[in-house]
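Enquirer: Requesting a structural model of the entry that follows:
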Amino acid sequence: MKITGIDIGEYRQFKNIKFDFTYPDDYHVIEKRGQPLDKVCFIGQSGTGKTTLLNVIWDFFQVVIDSYQRMALANDPIHNEPYTTFDSIKISSTYEDTEIILDYETLEEYLNLDKELGYSVLGYHWIKGLNIYDSLKHQEKTKKLCLYMKDSVSREADAFLFNQKESRQTFSDFVKTDIQLEKEKSTQDERINATGSKKIVSLGDMQSLTAWQFLLRDIDNYDEATVTQITSIIQNTPKDKVTEELQRWVDSDPRIKLAEECLNPILSKFFLEIDDSEKGKIPVTLRTNRGVKIPNNILSTGTRQLLATAIPIYKFDTNGTVILFDEPERSLFPDIQRGLVKYYTGLAPEAQFFFATHSPIIAAAFEPCERFILYFDENGEVNYRKGEAPIGDDPNDVLRKDFWMNPLMHEEGLAAYRKYLDLATRIRNEMDEDKKNQLIVERLELGNLYNFAGQHAPY
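Expert: Residues are numbered from 1 along each chain as shown. Okay, the predicted model is just below:
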């Protein structure tokens, strides 16, 4: 499924605003013209509604899935809140060549079928009318319609960086007591499978323990089977084949594939890598590229965020998935930010991404037609414009052209730049050669200090 547009009448900070998420008719790649954007970047000062737009898209998928479930479960609980989002919003999408539109008129049409039952029948009739129920039903269980990476997703790294049974971390909702674990043991696989089968997944709200258990179950199963497998190899394999069979088992560790195809390419920028020599109760551990083990409890927030976002994007089936990503740059140094969008889109090349960001480095990874710059107009209402800076442009140019940050410097730097310009005038007008040379030296020193003669002048 791909989102192609959002039309808002009046909703929170928005009023009469329409977003078109398709490539323009004059786009340089002819076959993409009119097709849904591969990736979208929301830029804007705090309060302009970047996260709100992500939440609107998430509400759309909640309605789709809630409606889908009503087809199978007549007594499914009624969740009105996602539906009411669309009292004044129209959202357009495509799914397997079917156009899917959700707005108040759509809701009203089906609500009128039985006003007493209201939302309890709305979703059933809506999905039935779209003829997409069978297609959704027969999707692979790991295939997702939507993933939502919230800005607090780094907290969920506890789910795979620590032993959940033995850890006693007061502040982690993921940590379970022995009694809790024993009570859950009989139904654990059932719950994990049910979570893995969900078609939409939100990460970052501290409610996703079973999602992480599903994603890393292959590692857990490998660790649990290791002792038995090694014993069996030693007891049942000819002596001259034992080493070969043991190595084959070691090489089958799912951490190796996860490391090579997903995590190590980005961790290498931190001079880190997955430690696949560690087998036991902790799914993921790290070491330096020189082999020094790094305790999980000292990992930076940025490292935790990368792990907590990359693993689900890599391990879920994201063919046709919409991935919502709030502030991907959080706690990451600029050199990591520079390649971040390419990294994530490389993990899910068939997905459609929506990023909300404050980073000009992140924004520079998008084409102008993929950037939506939100701003307050003279009436205090939110409007937007498309980007101007070309993809890959200097982030300072992105700040000037798309963030409207002109000048870029603080007051002290601006005062220095005014002095730099004033010195040029004084040099031209100074008749005394000695004084002129002194002014030239002063201007050169000031220009070198701030790089005014280079590309970082504030205007």
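Enquirer: my guess is residue 216 meets residue 192, correct?
Expert: No. Using CB atoms under 8 Å, residue 216 is not in contact with residue 192, being 10.2 Å away. Quick note: C-beta positions are derived from backbone N, CA and C, even for glycine.
Enquirer: Surely residue 267 is in a helix?
Expert: Yes. Looking at residue 267 with DSSP: H, G, I helix; E, B strand; the rest coil, it is inside a helix.
Enquirer: Next one: the residue lying closest to it once chain neighbours are set aside from residue 266, what distance?
Expert: Nearest residue to residue 267, sequence neighbours excluded (CB to CB, 6 or more residues apart in numbering): residue 273, at 5.5 Å. According to CB to CB, to the nearest Å, residue 273 and residue 266 sit 10 Å apart.
Enquirer: how would you label the residue nearest to residue 280 when sequence neighbours are not counted: helix, strand or coil?
Expert: Using CB to CB, 6+ apart and skipping the chain neighbours, the partner closest in space to residue 280 is residue 223 (6.1 Å). In three-state terms, and counting by three-state DSSP, residue 223 is helix.
Enquirer: Kindly tell me how buried residue 403 is, as a neighbour count.
Expert: Residue 403: 21 surrounding residues under other CB atoms under 10 Å.
Enquirer: Quick check: it is in a helix.
Expert: No. Counting by three-state DSSP, residue 403 is not found in a helix; it is coil.
Enquirer: got a list of what it touches?
Expert: By CB atoms under 8 Å, 6 or more residues apart in numbering, the contact set of residue 403 is 43, 360, 363, 373.
Enquirer: Pull the most distant pair out of the residues you listed.
Expert: Pairwise distances across the contacts of residue 403 (CB to CB) peak at 11.3 Å, for the pair 360 and 373.
Enquirer: if I look at those two, which residues touch both of them?
Expert: Counting by CB under 8 Å, 6+ apart, the common neighbours of residue 360 and residue 373 are 402, 403.
Enquirer: Among the two, which residue is more densely surrounded?
Expert: More crowded of residue 360 and residue 373, by other CB under 10 Å: residue 360, with 25 against 22.
Enquirer: what's the burial count for the closest residue to residue 19 other than its chain neighbours?
Expert: Leaving out its chain neighbours, the residue that sits closest to residue 19 by CB to CB, 6+ apart is residue 6, at 4.5 Å. Using other CB under 10 Å, residue 6 is surrounded by 21 other residues.
Enquirer: what does the one 3 residues further on give?
Expert: Residue 9 sits with 15 neighbouring residues when counted by other CB under 10 Å.
Enquirer: In what element of secondary structure is it found?
Expert: In this assignment (DSSP states H and E), residue 9 forms part of strand 2-11.
Enquirer: ok, and for that strand, which residues are buried?
Expert: 2, 3, 4, 6, 7, 8, 11 (16 or more other CB atoms under 10 Å).
Enquirer: what do you get for stretch 99-108?
Expert: The neighbour-count check on stretch 99-108 (16+ other CB under 10 Å) flags 100, 102, 103, 106, 107 as buried.
Enquirer: which element is residue 93 on?
Expert: Going by DSSP H and E, residue 93 is part of strand 89-95.
Enquirer: Starting from the following helix or strand past the strand holding residue 9, tell me which strands it pairs with and how they run.
Expert: Later in the chain than strand 2-11, the nearest helix or strand by DSSP H and E is strand 14-20. Note on strand 14-20: by DSSP bridges, its sheet partners are strand 2-11 (antiparallel).
Enquirer: any idea of the mean pLDDT for the partner strand?
Expert: Averaging pLDDT along strand 2-11 gives 94.
Enquirer: So which of the contacts of residue 403 belong to strands?
Expert: In this view, the contacts of residue 403 that belong to strands under DSSP state E are 43, 373.
Enquirer: hmm, back to that, so what's the residue nearest to residue 280 up against?
Expert: Residue 223 makes contact with 279, 280, 281, 283, according to CB under 8 Å, 6+ apart.
Enquirer: wait, is the last one part of a strand?
Expert: Okay, so that is residue 283. No. Looking at residue 283 with three-state DSSP, it is coil, so not inside a strand.
Enquirer: Quick check: it vs residue 276, distance?
Expert: Relative to residue 276, residue 283 is positioned 11 Å away (CB to CB).
Enquirer: which one of those two has more residues nearby?
Expert: residue 283 (26 against 20).
Enquirer: Once you drop chain neighbours, what's closest to residue 152?
Expert: Excluding the flanking residues, the one nearest residue 152 by CB to CB, 6+ apart is residue 204, at 4.6 Å.
Enquirer: Could you report the neighbour count for that neighbour?
Expert: By the measure other CB under 10 Å, the count of residues near residue 204 is 19.
Enquirer: Touching, it and residue 157? I think so.
Expert: No. Counting by CB under 8 Å, residue 204 stays clear of residue 157, with 10.8 Å between them.
Enquirer: Report the inter-axis angle for the longest helix seen in the chain versus strand 14-20.
Expert: Longest helix in the chain by number of residues, with DSSP state H as the criterion: helix 50-72. Counting by axes from the mean of the first three to the mean of the last three CA atoms, to 10 degrees, helix 50-72 points 70 degrees away from the direction of strand 14-20.
Enquirer: so where's the chain uncertain?
Expert: By pLDDT under 70, the low-scoring segments of the chain are 70-81, 111-121, 164-187, 407-409, 453-459.
Enquirer: Against which helices or strands is the helix or strand containing residue 148 packed?
Expert: Using DSSP H and E, the element containing residue 148 is strand 146-149. If contacts are counted by 3 or more CB pairs under 8 Å, 6 or more residues apart in numbering; DSSP states H and E, strand 146-149 sits against helix 50-72, strand 200-203, helix 301-315, strand 322-326.
Enquirer: what's the offset of the following helix or strand past it from the middle of its chain?
Expert: Where DSSP H and E defines the elements, the next helix or strand beyond strand 146-149 is helix 158-161. Counting by CA atoms, centre = their mean, to the nearest Å, helix 158-161 is centred 19 Å from the centre of its parent chain.
Enquirer: what ranges do the strands span in this structure?
Expert: 2-11, 14-20, 39-44, 89-95, 98-102, 146-149, 200-203, 272-274, 286-288, 293-294, 322-326, 352-357, 371-376, 382-386.
Enquirer: how about the ones you listed in CSV, adding distance to residue 250?
Expert: Formatted as CSV, these follow (distance: least, CB to CB, whole Å):
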stretch, distance to residue 250
strand 2-11, 42
strand 14-20, 51
strand 39-44, 38
strand 89-95, 43
strand 98-102, 47
strand 146-149, 32
strand 200-203, 31
strand 272-274, 14
strand 286-288, 16
strand 293-294, 18
strand 322-326, 34
strand 352-357, 36
strand 371-376, 47
strand 382-386, 52
